[in-house]
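Student: what's the 3D shape of this:
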Amino acid sequence: MANNTADHLPGNSVAEGNHDGDFGCTVMDLRELMELRSAEAVGKIRDVHGDVQGICRRLKTSPIEGLSGNPADLEKRHTAFGKNFIPPKKPKTFLQLVWEALQDVTLIILEIAAIISLGLSFYHPQGNDTCGQVVGGVEDEGEAQAGWIEGAAILFSVIIVVLVTAFNDWSKEKQFRGLQSRIEQEQKFTVIRKGQVIQIPVAEIVVGDIAQIKYGDLLPADGILIQGNDLKIDESSLTGESDQVRKSLDKDPMLLSGTHVMEGSGRMVVTAVGLNSQTGIIFTLLGAGGEEEEKKVKKGKKQGANENRNKAKTQDGIALEIQPLKSEEGAESEEKEEKEKEIKKVNVTKKEKSVLQGKLTRLAVQIGKAGLIMSAVTVIILILYFVIYTFGVNKQEWKAECTPIYIQYFVKFFIIGVTVLVVAVPEGLPLAVTISLAYSVKKMMKDNNLVRHLDACETMGNATAICSDKTGTLTMNRMTVVQAYIGDTHYKTVPEPEAINPEILELMVNSISINSAYTTKILSPEKEGGLPRHVGNKTECALLGLVLDLKRDYQPIRDEVPEEKLYKVYTFNSSRKSMSTVLKNADGSGFRMYSKGASEIILRKCSHILDAAGQPRVFKPKDRDEMVRKVIEPMACDGLRTICVAKRDFIGDEPNWDNEADILTDLTCICVVGIEDPVRPEVPEAIAKCQRAGITVRMVTGDNINTARAIATKCGILLPGEDFLCLEGKEFNQQIRNDKGEVEQERLDKVWPKLRVLARSSPTDKHTLVKGIIDSTVGETRQVVAVTGDGTNDGPALKKADVGFAMGIAGTDVAKEASDIILTDDNFTSIVKAVMWGRNVYDSISKFLQFQLTVNVVAVIVAFTGACITQDSPLKAVQMLWVNLIMDTLASLALATEPPTEALLLRKPYGRDKPLISRTMMKNILGHAVYQLVVTFTLLFAGEKFFNIDSGRNSPLHSPPSEHYTIIFNVFVMMQLFNEINARKIHGERNVFDGIYRNPIFCSVVLGTFALQIIIVQFGGKPFSCTALTLDQWLWCIFIGVGELLWGQFISAIPTHRLKFLKEAGHGITKEEIQQEEQTEDVDEIDHAEMELRRGQILWFRGLNRIQTQVGCSSLGNPCGPLFEVSAAILSSSWPVACPSAPEKATGRPGR
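Tutor: Just a heads-up that it's a prediction; the model follows:
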């Protein structure tokens, strides 16, 4: 039989759950059975159980009615066969996170310096009149006792930094787990219980459940096929084979968890769940080898989560579809990869860093190098000066008993050098990126954007092009039939049933009711007076709605012809663009096939058409052309989708059903209907916003070109008077392919800039277009492309795009898994909100950089020159650490949480190679640095006269804190505080207070920092090298700080274009580099910034990687469950994802 159906048991064998005896087979029996494939499995089922029905009987379930749903029965099944849940990997403990934070190289250097300093401070050599006063005045005895304080204070600061970092990581991890468990509950699957089709959470599926599977599903458990229509499965996630596997009862009925349904539909009996399913078994194996692998990982792989992610993308991480394996730090992914590599050499696809990461890495390298040089020079100058002054100028000799004192000086110099480095390197940057992204992702949830890969959020801000689907994204996806052509008459509204010939009406109703997925239904409205609910395929819902409008009902017809009686089903797919169902005639004399599909495709296969009397009339090509001209084009120009319904009778011998070309021909057209899918009312405005923001919106649809053009005009994608292109897939391919049928980039570059609508396009066309735009080097900047998709076949395009948006409602699990962001409301306006948030992330990080670099430039120069002139840094190590910790951590919190405004959509996108630090920002950084340096040096060299206090310069080694240096420290912090307000604007705006009340975090951080500063200065004492100041001195400090705001107004008045000497910093990747990369594409490579990092051995690299690890998710290599993983990641930045078929993936994929 062509349609695979198992004969089912009479009635319901579920005796309401009162099963006394145990089940007829054990977990191990079923596990062994599920490990077999194809003919072997069929043989084993036949030998041991008789058939699939035998398995159902042993599992005490009915193939038709399913389980009873009795709680006692379900509990029994849980006990016997386990739950559909894979326990997560244990989270890292707080102490482990502390240990990781301690690995920071800069902190290690500081710890060593502090410990040496501590050790030496307890050593007091006797009778050393000569060494004690090497530099500066005589040391007070009491003060010498307090020498340990500085070392202790540095250690204390290090501990605080470590605890803050570890706490950040820990709280994020906790947050992710909370979000994940929340999403798990949303992940549902369709099963039959008590004869009712219901959706239950995946975790509640038990062995013995009868599950309905359909196109686009991701299977949540292992099972055996009971009945299937044209079922094809992508098992690449488990086997690595990219070919789709056809499933049938007689050849291969085994269905495995974690695989994707690529075509067809059917029912299966669940035979293994959770840890006993194939996916679960693999995870158990991975868990066992975990610890040794982790050791390997720690030794050999400190290349950051990014590499990890590349790998994770290349294979499906054995897509765990049940419950996320929350592998922290991505160690799991690496283990998987190690094993995977041993099994077979996976072709690791090159993955670029996201736009922002690339720029930050480069900037970090530049800053790190500068900081290292400055700190080294500082130490060398201090040591040379000391040596020359002591042994040269003072002509002292090196005495053995003086050695510890000299060493103490050297340690002090070393600490100053390290402090310069600490201040030079903006460790707050990874934190700022983390906070900004995590904050945005949380808020984006409210705007219906469920972010799966964190960096997608920031990449979206750079988007220059959006390729959008039409149905459901631009339109409401609520389809209704509004016109029809039946029996030679074109009805402009749905006709009354009396107006249609009864024979045609009967054929129409039967064809529509039977030749559609039985899961598609129209249910009564949830609220009184509401619209009926459409469940399943929306186009089929429109046709079923037509049946109801014609005062008929589809359900009795379906009851009469249940799915088991369907002889053969050709399910809809993107290449067929039609669906057909074959029935055996009741008298056994032959077969009847009902077909429906896109009108131009079906009409081409029609040789007859029913006339007004219901009789078939010959339908010639010229008749078809006339019909297209008079019926189909006018419908399409009204923005309607046209669907043709047809039939064919087979008399005599049974044809070869596999020869599709001979079957789907010689049809008789029953009717053509026009389906309206109204444009969402908010879409035209959203598209106008995109166009104002410099983003090109293109519509890519499978619909007729006239329908597409009409909808594009309504949306504002096509504007009157513009010479934009609307192409059909066929024409598009002719223009971009050469004689050999290969895509040529030069040809594509001529087409895409003007292309706005691509109609009748296949998923391959969509992928070609997206790849072509991304790879194109036409124009000043490289394009950053966002794509929306909902079908299984959109996977490659969604993966190739810089940001892939999947539809939360209409999208298949496969599309969701390939995407970066899920639109929970399927609405185009949510994409515009994502753009706004993305730009906001970018601006937040630029604001933070502008603030941070001003602090860094000033602190480094002050520490450097101060040290070289006065042999001591005016800002002590502990003060520097305070400036560093509080200013970095708190400022990143304050500036990274600014809410976005509509104004962000009024500028063009930055693009890939726009530098992070613009010339305006450079003007602000240098301008404010000049003010701060002038103030600081004035205070350093003349402050004692101005405030009438003792000079703090040239004080001996352990002298008490001076008022002089306390004022310098206090003024420095006050200037930073007020400059933080200036940093809120990066495009040269005058009003820096604009919208400050909308950001309570900013206000509380500024006030909190101010309060802490008062405490440190007034009560910090020796550890902070501070002494209490008078009210008068405080007011002066605040007054000088406020000067920052006035100076900011002066700076913004200077036109940037006049300052030709200003350079930009933090560039993206240049075109030359892209070309070089493309030449070496098949090599496993490290991006250029990383190579530089290796060369420079920059301490800071680890911090940069924390961008991902701190986000916790970015390496959460989480293979997750169907809807869950769809949604899952909330913040999760990368899950191993299987691409439906992956030859296209071989090229790099920017922006993930």
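Student: quick one, what contacts residue 599?
Tutor: For residue 599, the residues meeting the contact criterion (CB atoms under 8 Å, 6 or more residues apart in numbering) are 632, 642, 643, 644, 672, 704. The C-beta positions use only the backbone N, C-alpha and C, and glycine is treated the same way.
Student: of those residues, closest to residue 543?
Tutor: Set against residue 543, the nearest of those by CB to CB is residue 643 (7.0 Å).
Student: Could you find the closest non-adjacent residue to residue 803?
Tutor: Nearest-residue entry for residue 803: residue 786, 4.3 Å, with adjacent residues in sequence omitted and distances by CB to CB, 6 or more residues apart in numbering.
Student: List phi and psi for the one you found.
Tutor: The main-chain torsion angles of residue 786 are listed as degrees, to the nearest 10 and equal phi -110, psi 140.
Student: My guess is it contacts residue 801. True?
Tutor: Yes - using CB atoms under 8 Å, residue 786 is in contact with residue 801, at 6.1 Å.
Student: still on that earlier bit, do you know how far the residue nearest to residue 803 is from residue 464?
Tutor: Distance from residue 786 to residue 464, counting by CB to CB, to the nearest Å: 9 Å.
Student: out of those two, which sits in the busier spot?
Tutor: A count of neighbours by other CB atoms under 10 Å puts residue 786 above the other of residue 786 and residue 464, at 30 against 22.
Student: That one and residue 462: what is the separation?
Tutor: Note on residue 786: its distance to residue 462, by CB to CB, is 10 Å.
Student: Residues that sit against both of these two, list them.
Tutor: residue 802.
Student: Secondary structure element holding the nearest residue to residue 516 once chain neighbours are set aside?
Tutor: For residue 516, ignoring the flanking residues on the chain, the nearest one in space by CB to CB, 6+ apart is residue 540 at 4.2 Å. Counting by DSSP states H and E, the element that carries residue 540 is helix 538-549.
Student: next one: phi and psi at residue 649?
Tutor: Backbone torsions for residue 649, taken as degrees, to the nearest 10, come to phi -100, psi 140.
Student: for the residue lying closest to it once chain neighbours are set aside, helix, strand, or coil?
Tutor: Closest residue to residue 649 apart from its sequence neighbours, by CB to CB, 6+ apart: residue 592 at 5.3 Å. In the three-state summary, residue 592 is assigned as strand, counting by DSSP: H, G, I helix; E, B strand; the rest coil.
Student: Touching, residue 592 and residue 651? I think so.
Tutor: No - proximity of residue 592 to residue 651 does not meet the contact threshold set by CB under 8 Å, at 9.9 Å.
Student: More neighbours: the two, which one.
Tutor: The residue with more neighbours, out of residue 592 and residue 651, is residue 592; 19 against 9, by other CB under 10 Å.
Student: gap between the more buried one and residue 616?
Tutor: When CB to CB is applied, the distance between residue 592 and residue 616 equals 14 Å.
Student: What of residue 275?
Tutor: As defined by CB to CB, residue 275 lies at a distance of 59 Å from residue 616.
Student: Of the two, which one has the most company?
Tutor: Regarding residue 275 and residue 616, a neighbour count based on other CB under 10 Å identifies residue 275 as having more, with 20 against 15.
Student: Shouldn't that one be within a helix?
Tutor: Yes - membership of residue 275 in a helix is supported by three-state DSSP.
Student: Distance check, it against residue 221.
Tutor: With distances defined as CB to CB, the gap from residue 275 to residue 221 amounts to 11 Å.
Student: Residue nearest the middle of this structure, spatially speaking?
Tutor: The residue lying closest to the centre of the chain (CA atoms, centre = their mean) is residue 453, at 1.7 Å.
Student: count of residues packed around residue 906?
Tutor: Other residues within reach of residue 906, judged by other CB under 10 Å, total 11.
Student: Grab the nearest non-local neighbour of it.
Tutor: Spatially, and ignoring its direct neighbours in sequence, residue 906 is nearest to residue 692 (6.4 Å; CB to CB, 6+ apart).
Student: pretty sure that neighbour contacts residue 907?
Tutor: No - here residue 692 does not reach residue 907: they are 9.2 Å apart, not a contact under CB under 8 Å.
Student: still on that earlier bit, check what pLDDT the residue nearest to residue 649 gets.
Tutor: You'll see residue 592 listed with a pLDDT of 91.
Student: ditto for residue 1042
Tutor: Looking at residue 1042, its pLDDT is 93.
Student: Check residue 1084 too.
Tutor: Here the pLDDT value assigned to residue 1084 is 37.
Student: Tell me where the model's unsure across the stretch 851-1000 of the chain.
Tutor: Under the criterion of pLDDT under 70, the regions of the stretch 851-1000 of the chain flagged as low confidence span 871-873, 877, 881, 885-888, 954-958.
Student: Give me the distance between the residue nearest to residue 803 and residue 831.
Tutor: With distances defined as CB to CB, the gap from residue 786 to residue 831 amounts to 7 Å.
Student: likewise residue 808?
Tutor: Relative to residue 831, residue 808 is positioned 13 Å away (criterion: CB to CB).
Student: Which neighbours do the two have in common?
Tutor: Going by CB under 8 Å, 6+ apart, residues that sit against residue 808 and also against residue 831 are residue 823.
Student: These two - which one has more neighbours?
Tutor: Neighbour tally, residue 808 and residue 831, criterion other CB under 10 Å: the higher count belongs to residue 831, 27 against 24.
Student: pretty sure the more buried one is in a strand, no?
Tutor: No - following the definition three-state DSSP, residue 831 is helix and is not counted among the residues of a strand.
Student: burial of residue 830, as a residue count?
Tutor: Applying other CB under 10 Å, we find 22 residues neighbouring residue 830.
Student: Tell me the predicted confidence for it.
Tutor: For residue 830, the predicted pLDDT is 88.
Student: Now do the contacts for it.
Tutor: Residue 830 makes contact with 447, 448, 449, 823, 824, according to CB under 8 Å, 6+ apart.
Student: Was I right to think the fourth one contacts residue 808?
Tutor: In this case it means residue 823. Yes - Residue 823 is in contact with residue 808 according to CB under 8 Å; the separation is 5.6 Å.
Student: Next, show the common contact partners of these two.
Tutor: Where contact means CB under 8 Å, 6+ apart, the residues bridging residue 823 and residue 808 through contact with each are 448, 450.
Student: Could you pull out the strands in the stretch 501-650 of the chain for me?
Tutor: Under the criterion DSSP state E, counting those that start in this stretch, the stretch 501-650 of the chain contains strands at 521-523, 533-535, 568-570, 578-584, 590-598, 606-610, 616-618, 640-651.
Student: what secondary structure does residue 227 sit in?
Tutor: If you use three-state DSSP, then residue 227 falls in the strand class.
Student: How much space separates it from residue 63?
Tutor: Relative to residue 63, residue 227 is positioned 8 Å away (criterion: CB to CB).
Student: cool, and residue 553?
Tutor: Taken as CB to CB, the span from residue 553 to residue 63 is 26 Å.
Student: related to what we said a few turns ago, now for residue 786 and residue 801: what residues contact both?
Tutor: residue 467.
Student: could you list every residue that touches residue 489?
Tutor: Contacts for residue 489 (CB under 8 Å, 6+ apart) come out as 495, 612.
Student: picking up where we left off before, make TSV from the contacts of residue 599 and add distance to residue 816 to it.
Tutor: As requested, the contacts of residue 599 are arranged in TSV below (distance: CB to CB, whole Å):
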residue	distance to residue 816
632	34
642	30
643	27
644	31
672	34
704	28
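Student: Tell me the one of the residues you listed nearest residue 163?
Tutor: Closest approach to residue 163 among the contacts of residue 599 (CB to CB): residue 704, at 63.0 Å.
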